[in-house]
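K.L.:
Predicted structure and sequence below. I'll ask about it afterward.
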Amino acid sequence: MATVTGYTAARMKQIEDSAIIDGDIVGDNLILKRFDTVEINAGNIRGPQGIQGPPGQTPASFTTAQRDALTGGELWAGRFIYNSTTLRLEWYTGTTWQEVNKIETHGVSEILMTETTTSTTYANLATIGPSVTVLTGTKALLIITAFLNCVSANVSCNVSIAISGATTRPPIDEASLYLFSPIAGPAIVASHAYIVTGLTPGLNTFILKYKQVGGSATFAHRRISVVDMGS
């Protein structure tokens, strides 16, 4: 151990008294305490306070019957409510109400029945969907599968995906299942997997849409799978 020499008793007492032995935060300042009980204000140690955001909102309360009667400006994709019938928090996907605790980052939906369309633009079949609502980042893996049947000759038929919710995108041919036949009757079961990018992070709903050109087309075993791929 080193030995200090050459200091007077008074100097040693001065060194001892000036030693920092404690500290505390008072308001925004750091107050240091010396051995001799003298306090030293070391200055402001807090950064600037951020701008206070808007206060949170309490979801409106509705019975299931009242909820289902909401229309117009009372109903929008992303609205949260408290369902006093089921005692659950719910949110509106843009097409249906869903319980908050059922929000997923992946999902699968399937409709087996056979249905026909003569629409030349993307539209719903008699049984809408299938659709999946998931919480995504900016990209997601989409897998669609369907039975496609060209009922008429020289008909093309397409199955594509529309997106709503945080992101709004129409169905496009470039991302569709496609079949063309110069004769009536040919059918296939096809699948298509691709990663969609540029999504707005949040709750996104993916739904299958259908069209044909040239006559009529039939679809069955319609299936959609969505997996969040992050950002």
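P.N.:
Cool, the structure landed.

K.L.:
Using the record's domain definitions, break the chain down for me.
P.N.:
Per automatic domain parsing, the structural domains of the chain span 9-44, 60-102, 106-228.

K.L.:
residues near Ala77, how many?
P.N.:
Neighbours of Ala77 under the rule other C-beta atoms under 10 Å: 17. (Each C-beta comes from the backbone N, C-alpha and C, glycine too.)

K.L.:
That one - that's part of a strand, no?
P.N.:
No. Read with DSSP: H, G, I helix; E, B strand; the rest coil, Ala77 is coil and lies in no strand.

K.L.:
My read is that it contacts Thr168, right?
P.N.:
No. Between Ala77 and Thr168 there is no contact under C-beta atoms under 8 Å: 9.2 Å.

K.L.:
Centre-most residue in this protein?
P.N.:
Centre of the chain computed as the mean C-alpha position; nearest residue by C-alpha atoms, centre = their mean is Gly202, 2.3 Å away.

K.L.:
quick one: contacts for the nearest residue to that residue once chain neighbours are set aside?
P.N.:
Nearest non-adjacent residue to Gly202, counting by C-beta to C-beta, 6 or more residues apart in numbering: Ala166, 3.1 Å away. Counting by C-beta atoms under 8 Å, 6 or more residues apart in numbering, Ala166 touches Gly78, Thr136, Leu199, Thr200, Pro201, Gly202, Leu203, Asn204.

K.L.:
burial of the closest residue to the fifth one other than its chain neighbours, as a residue count?
P.N.:
What that stands for is Pro201. Take Pro201 and drop its neighbours on the chain: the residue closest to it by C-beta to C-beta, 6+ apart is Gly137, 5.1 Å away. Per other C-beta under 10 Å, the neighbour tally for Gly137 reads 16.

K.L.:
May I ask you to confirm that Gly137 is in contact with Asn204?
P.N.:
No. Look at Gly137 against Asn204 with C-beta under 8 Å: they stay out of range, at 9.9 Å.
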